[in-house]
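Participant: A predicted structure for the sequence below; I have some questions about it.
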Amino acid sequence: MARCCELLAVLLCFLLMLSWCEALSSNVDDGYGHEDGSFESDSLIKLNNEDILRLKSSDDDTVNVLNFGAKGDGKTDDTQAFKKAWKKACSTNGVTNFFVPKGKTFLLKSTRFKGPCKSLRNFQIRGTLSASTKRSDYKDKNHWLLLEDVNNLSVDGGSTGIINGNGKIWWQNSCKIDKSKPCTTAPTALTLYNLKNLNVKNLRVKNAQQIQISIEKCNNVVVSNVVITAPGDSPNTDGIHITNTQNIRVSKSDIGTGDDCISIEDGTQNLQIYDLTCGPGHGISIGSLGDDNSKSYVSGINVDGAKFSGSDNGVRIKTYQGGSGTAKNIKFQNIRMENVKNPIIIDQNYCDKDTCEEQESAVQVKNVLYKNISGTSATNVAITFNCSEKYPCQEIVLENVNIKGGSASCKNVNVNERGTVSPKCS
Ligand SMILES: *[C@@H]1O[C@H](CO)[C@@H](O)[C@H](O)[C@H]1NC(C)=O
Ligand SMILES: *[C@@H]1O[C@H](CO)[C@@H](O)[C@H](O)[C@H]1NC(C)=O
Ligand SMILES: *[C@@H]1O[C@H](CO)[C@@H](O)[C@H](O)[C@H]1NC(C)=O
């Protein structure tokens, strides 16, 4: 054993020296402007570093929170241990994994995991992250777990990882539940902010304080095999909230929650949703857009393959009066609705405040296709197009839509009906 270590040390020294020499020679080369030479040297150095890494014991690149003092007994506050582990994982060279082991529950206050990092590649959650139920433990009232400014990261629950917001205390104090309480915000369980090339997979998120997963200002995002749950009456617990994000795919996910299964807000472009199960919840919602006279742009949304059961809405677009901008190039196809209150709805007169005054301007809704949608409505209106008078909905197509149990209510819209459509606007 000792001899083996000696050998390893000698080998490491040798490799280090080699890369040092290469670095020197590359600097010299640079000085003479030999671009080709310096390129070769750089790649050699890289190789050597990788070799050195490979020689280290196999778990050297895994930063396990247990090695930084985390207890994982569900009672001890593990926030500081996670912060230390994060600091280490984020500053380590060479492919690094932040690791939360299986079979343990880690109690956490509001915690910020901030990059940029050297080369952190995986945030592996195998155990349970459990939110503090003391509201004073949230220095940041808007976020519980905030992951920001890291590129090329995979957040992987390995199918055992759970993020539990323990949101009951927040729900009880919500003005939507207790009318005597003032309306305040509660933390989002998991916020993914300013991440490029993000992969979120095999993860369960439940009982968030408010929004379950919020994806903000990201680019190139793949979300798959995510299960999100909360009681149907938990207030404002959107499943996945997306804003200011481009190029995102959500697939094979199952969301049952108290608000929108997926809410799509301003600045979302090129979003693909495949194989989604939603219910209970408020469905897939584009908006609300245009609140407080704001300008909103959403485009390139494709929902292909979804099942809604017992949800308040199926596929919804909602905008406030007085806003501007556009929601366009939207496809909802191959969708099954079971017992859904508003299976198909565009509402350009949306208002969830006490009063919203009548205003002329509106976010333009344009080029929306509903194709191969079938099932049952839980109310006597299956299709609602309540569009703006000054900015009527444009290029709305219903193709092979068959929803039983309700009629269609269509205002300020010309619907192009193809194939078999029931109920019909006309
Ligand atoms: C992330 O990955 C891309 C492409 O895979 C690569 O070009 C880029 O250098 C990586 N960024 C970081 C910070 O490692
Ligand atoms: C219509 O959608 C259902 C899912 O609701 C799917 O099973 C079926 O294959 C689709 N039909 C066509 C013709 O694409
Ligand atoms: C459209 O929305 C307005 C404002 O909410 C409402 O008063 C009206 O009844 C709705 N019309 C239809 C046809 O749903």
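Facilitator: It's in. Note that the structure is predicted; figures quoted are calculated from it, not measured. Ligands and ions are numbered 1, 2, ... in the order given.
Participant: switch to C-alpha atoms for all contacts and neighbour counts from now on
Facilitator: Will do.
Participant: residues touching the residue of the stretch 201-350 of the chain found nearest ligand 3, list them.
Facilitator: Nearest to ligand 3 in the stretch 201-350 of the chain, going by Cα to the nearest ligand atom, is Asn349, at a distance of 4.9 Å. By Cα atoms under 8 Å, 6 or more residues apart in numbering, the residues touching Asn349 are 318-321, 386-388.
Participant: can I have the buried ones of those residues as a ChimeraX selection?
Facilitator: Selecting the buried subset of the contacts of Asn349 in ChimeraX, with 16 or more other Cα atoms under 10 Å as the burial test, is done by:
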select :318,319,320,321,386,387,388
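Participant: what about ligand 3: which of the contacts of Asn349 touch it?
Facilitator: Asn386 (Cα under 6 Å from any ligand atom).
Participant: between the contacts of Asn349, which sits nearest Ser154?
Facilitator: Closest approach between the contacts of Asn349 and Ser154, by Cα to Cα: Lys318, at 32.3 Å.
Participant: for the residue of the stretch 201-350 of the chain closest to ligand 3, helix, strand, or coil?
Facilitator: Classification of Asn349 using DSSP: H, G, I helix; E, B strand; the rest coil returns strand.
Participant: quick one: contacts for the closest residue to ligand 3 within the stretch 51-200 of the chain?
Facilitator: Going by Cα to the nearest ligand atom, ligand 3 is nearest to Lys176 of the stretch 51-200 of the chain, at 19.5 Å. By Cα under 8 Å, 6+ apart, the contact set of Lys176 is 183, 235.
Participant: one more time with 6 Å, if that's ok
Facilitator: Not one residue lies near Lys176 by Cα atoms under 6 Å, 6 or more residues apart in numbering.
Participant: quick check: it vs Thr184, distance?
Facilitator: According to Cα to Cα, to the nearest Å, Lys176 and Thr184 sit 10 Å apart.
Participant: if we can go back for a sec, please report how far the residue of the stretch 201-350 of the chain closest to ligand 3 lies from Leu190.
Facilitator: 31 Å.
Participant: can you tell me if the longest strand belonging to the chain touches ligand 2.
Facilitator: Longest strand in the chain, counting residues (DSSP state E): strand 324-340. Yes: counting by Cα under 6 Å from any ligand atom, ligand 2 is contacted by strand 324-340 at 334-336.
Participant: can I get those residues in JSON lines with neighbour count and pLDDT?
Facilitator: Below are these laid out as JSON lines (neighbours: other Cα atoms under 10 Å; pLDDT from 0 to 100):
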{"residue": "Asn334", "neighbour count": "19", "pLDDT": "98"}
{"residue": "Ile335", "neighbour count": "23", "pLDDT": "98"}
{"residue": "Arg336", "neighbour count": "21", "pLDDT": "98"}
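Participant: any buried residues in stretch 90-109, and which?
Facilitator: 90, 92, 95-102, 104-109.
Participant: again with stretch 111-124
Facilitator: 111-115, 117-124.
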